[in-house]
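J.: Starting from these lines, generate the structure:
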Amino acid sequence: MHHALTTAFVRLAAFLLVAASACLGPQAADCPGGGVCPPGLVCRLDRGDQTCALASCGDGVVDPGEACDDGNNDSGDLCPGDCLTLPSCGDGTIDPGEDCDDGNRVSGDGCQATCRFPVRPPARWGHAMAYDSARGVLVMFGGYSIGSLNDVWEWNGTDWIERDPGTPRPMARWGAAMTFDPVRGHVLLFGGFDVMGAGTNDLWAWDGGGRWVELTAAPAPSRRGLVSLAFDTSRGVAVLFGGRDWMTGPNDETWEWNGGAWSLARPPVSPRPREAAAMAYDESLGRTILVGAGPADEMATWMWNGTSWSEYRIVSPSQFHGGAMAYDRARRRTVFLGGFTVDQPVPPTPWFGPTMELAGVAWIDRSTIPPAYPRERFGMAYVDGIGAVVFGGSDGFTNSEPRAFNDLWSWDGTTWQERL
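T.: This next block holds a predicted model:
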């Protein structure tokens, strides 16, 4: 018996129970292609398949017992072939206005709960990203695609939603840095390169309600992009290091933002100037961790305690530029991914950095585990209940024009998983 016929029987079970209880009811109808329709229903062809329907179904009039009648016995239009149920998202049929219908109202399986295909931000690299743990959303800003961007997207663990903050808002840019300030409940955005390639040093707060607020204070770090930024939760300050100064090149300054003012730290020892380094605050160590984008002869991990930098000469991803880190709060480990090495020939082997985890003061190489597609200048943040999450980035200089991505991956400590 055809699937459509079987489906019709199930849907009409309750309706037919009343009819079947009558002493003398209508007789069952034999269908020409085989099978039987219950009493009171007749066989119809629905796009070549047999189905059972009320005798009046298809006459264009909504008769008693019918939910709709569009004048035919075809499904996939305004009314199904049996006239008994209205089309709806999750019924397994792609109705008008739907992109897809996989028979459920669940997102994250390729067809969203709204029966639309998943929406993703356009491909990009050099964007800024941070996780707003108060609201449970991943926030992404700007970056570079065909040109510089200043759009705002949020990911709630299932769906991407583009936000429209109106004005004022940060100008389009790439190479900005972002971190979440849990003390004041907003996401901070600093610096980057504008559409003309000039550095910026403005500081903005995204309040989550759809509004940008510019935070002004002097003195402030110089105009720069590709800075490293992380939030020290034990001291309640955002820590900024280095970046490419618009006028002088790579920088080695350490700045802190306390919610109202910038202060320039003057530690006795500091990492050498660098840009596009990876930085995250490791809560288990109580230190801000800095790796990557170092000189060719540097094999070190740097740690900032709020007063001084300490250099740990351990095996670390120190030479990779454009990688990123995130602290996995559930597993109490800092996760590093990607970036590229400028010392390798073109095309390099290998070109992109590994997946590594910092456990205590030892890095564990997880490169044997299939990674997210190799990339650099991507966004990375830890998302509660999911793990470290990576979006976008580019394939660097493997092509004359870097190819940008808009895929989303998550790391649970065991595998990289692409998210729909």
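J.: Send over stretch 171-186 as PDB, restricted to the C-alpha atoms.
T.: What follows is stretch 171-186, C-alpha atoms only, in PDB (Å, rounded to 0.1, in the frame of the first residue of the first chain):
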ATOM      1  CA  MET A 171      32.700  52.100  11.400                       C
ATOM      2  CA  ALA A 172      33.400  49.100   9.100                       C
ATOM      3  CA  ARG A 173      36.800  47.500   9.900                       C
ATOM      4  CA  TRP A 174      38.800  44.300  10.100                       C
ATOM      5  CA  GLY A 175      41.400  43.300  12.600                       C
ATOM      6  CA  ALA A 176      39.500  44.500  15.600                       C
ATOM      7  CA  ALA A 177      39.500  42.700  19.000                       C
ATOM      8  CA  MET A 178      36.600  41.700  21.200                       C
ATOM      9  CA  THR A 179      36.100  40.300  24.600                       C
ATOM     10  CA  PHE A 180      33.200  40.000  27.100                       C
ATOM     11  CA  ASP A 181      33.200  42.000  30.300                       C
ATOM     12  CA  PRO A 182      31.100  40.000  32.800                       C
ATOM     13  CA  VAL A 183      31.500  42.600  35.500                       C
ATOM     14  CA  ARG A 184      29.700  45.300  33.500                       C
ATOM     15  CA  GLY A 185      27.600  42.900  31.300                       C
ATOM     16  CA  HIS A 186      28.700  44.000  27.900                       C
END
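J.: buried stuff in it?
T.: 172-181, 186 (16 or more other CB atoms under 10 Å). For glycine as for every other residue, the C-beta is placed from the backbone atoms N, C-alpha and C.
J.: Quick one: residues in contact with stretch 94-106.
T.: Residues outside stretch 94-106 that contact it (CB atoms under 8 Å, 6 or more residues apart in numbering) are 76-78, 87-93, 109-111, 113, 115-117.
J.: Quote the end-to-end distance of that stretch.
T.: 15 Å (CA to CA, to the nearest Å).
J.: That stretch: which residues count as buried?
T.: By 16+ other CB under 10 Å, the buried positions in stretch 94-106 come out as 94-95, 98, 101.
J.: so which of the residues you listed would you say is closest to residue 71?
T.: Of all the buried residues of stretch 94-106, residue 71 sits closest to residue 95, with 16.8 Å by CB to CB.
J.: For the closest one, what are phi and psi?
T.: Here is the backbone geometry of residue 95 (degrees, to the nearest 10): phi -90, psi 170.
J.: which two in the buried residues of stretch 94-106 are spaced the farthest apart?
T.: 95 and 101 (6.9 Å).
J.: out of everything not next to it in sequence, what's closest to residue 112?
T.: Leaving aside its sequence neighbours, residue 112 sits nearest to residue 118 (CB to CB, 6 or more residues apart in numbering; 5.7 Å).
J.: Keeping just the C-alphas, turn stretch 138-153 into PDB.
T.: Output in PDB follows, covering the C-alpha atoms of stretch 138-153 (Å, rounded to 0.1, in the frame of the first residue of the first chain):
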ATOM      1  CA  LEU A 138      28.100  34.400  20.600                       C
ATOM      2  CA  VAL A 139      28.600  37.900  19.200                       C
ATOM      3  CA  MET A 140      30.400  38.600  16.000                       C
ATOM      4  CA  PHE A 141      31.300  42.000  14.400                       C
ATOM      5  CA  GLY A 142      32.800  43.100  11.100                       C
ATOM      6  CA  GLY A 143      35.800  41.700   9.400                       C
ATOM      7  CA  TYR A 144      36.700  41.600   5.700                       C
ATOM      8  CA  SER A 145      35.000  40.000   2.700                       C
ATOM      9  CA  ILE A 146      34.800  41.800  -0.600                       C
ATOM     10  CA  GLY A 147      35.300  44.900   1.600                       C
ATOM     11  CA  SER A 148      35.300  45.900   5.200                       C
ATOM     12  CA  LEU A 149      32.200  45.100   7.300                       C
ATOM     13  CA  ASN A 150      30.400  46.500  10.300                       C
ATOM     14  CA  ASP A 151      27.500  44.100  10.700                       C
ATOM     15  CA  VAL A 152      26.600  42.400  14.000                       C
ATOM     16  CA  TRP A 153      25.600  38.800  14.200                       C
END
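J.: Just the buried positions in it, please.
T.: Residues of stretch 138-153 classed as buried by neighbour count (16+ other CB under 10 Å): 138-145, 148-153.
J.: I'd like to know which of those is nearest to residue 358.
T.: Taking CB to CB as the measure, residue 358 lies nearest residue 138 of the buried residues of stretch 138-153, at 21.8 Å.
J.: just checking, the closest one touches residue 131?
T.: Yes: using CB atoms under 8 Å, residue 138 is in contact with residue 131, at 5.3 Å.
J.: shared neighbours of the two, anything?
T.: 381, 383, 389.
J.: Contact partners for the second one?
T.: Residues near residue 383 by CB under 8 Å, 6+ apart: 131, 138, 155, 157, 389, 410.
J.: how about low-confidence regions in the stretch 251-400 of the chain?
T.: 295-298, 342-352, 368-373, 397-400 (pLDDT under 70).
J.: one more time with 50, if that's ok
T.: Confidence mapping of the stretch 251-400 of the chain against pLDDT under 50 gives the ranges 345-350.
J.: now the helices for it?
T.: Using DSSP state H, counting those that start in this stretch, no helices are found in the stretch 251-400 of the chain.
J.: And residue 386, how close does it get to residue 322?
T.: To residue 322, residue 386 is 23 Å away according to CB to CB, to the nearest Å.
J.: Nice, that's everything, thank you.
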